[in-house]
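Asker: turn this into a model:
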Amino acid sequence: MASVQMAVPLGTPTLGVLIYPSQLLRAELSGQGPTCFLRKLMDLFFTRDVLANSSLRGLGKHGALDEDIMAAIISATLQKFPTKCDNIQFCNIVDNKCAKARQYLAKQKAKPRCFPDSTL
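Answerer: Numbers count the residues shown, from 1 in each chain. Presented below is the predicted three-dimensional model:
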């Protein structure tokens with residue numbers, strides 16, 4: 001009989017953000033520090049397109065990432081790695097992740113496209 005995982009709260013339970021234990025374990029195994037953990041959780045909750053069009057606080061032409069999800073991710077990161085990062089470092093990590101997503105999408109857009117010749 002297959003077991004079914006129940007989603008568990010991520011970070012502070014009052015935020016209402018849920019994650020499956022296997023996903024949380026995957027994030028925990030992704031690296032040794034808070035940066036890798038936070039980035040992996042962001043990958044689980046946001047698509048690359050959402051990241052590319054966002055920033056942590058929504059400055060400039062980029063909208064803000066979901067506040068509850070980001071608060072839960074940061075809370076979970078602080079629970080796992082107490083006193084390793086402050087708010088400025090979190091902001092830099094998140095904004096860097098969003099910038100990397102923008103760079104990736106720009107490179108994908110600039111790549112030459114191959115289309116099959118339909119005239120044959």
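Asker: only C-alpha atoms from now on, for both contacts and neighbour counts.
Answerer: Noted.
Asker: look up how far residue 18 lies from residue 33.
Answerer: Separation of residue 33 from residue 18 (C-alpha to C-alpha, to the nearest Å): 22 Å.
Asker: ugh, typo on my part, it should be residue 66
Answerer: 14 Å.
Asker: can you check residue 39 too?
Answerer: In terms of C-alpha to C-alpha, residue 39 sits 17 Å off from residue 18.
Asker: same deal with residue 116?
Answerer: 43 Å.
Asker: where do the helices sit along the protein?
Answerer: Assigned by DSSP state H, the chain shows helices spanning 21-28, 34-45, 48-52, 67-80, 87-110.
Asker: pull the contacting residues for the spatially most central residue of the chain.
Answerer: Centroid-nearest residue in the chain, with C-alpha atoms, centre = their mean: residue 42, separated by 1.1 Å. Contact partners of residue 42, counting by C-alpha atoms under 8 Å, 6 or more residues apart in numbering, are residue 73.
Asker: what distance do you get for it to residue 98?
Answerer: Taking C-alpha to C-alpha, one finds residue 42 at 10 Å from residue 98.
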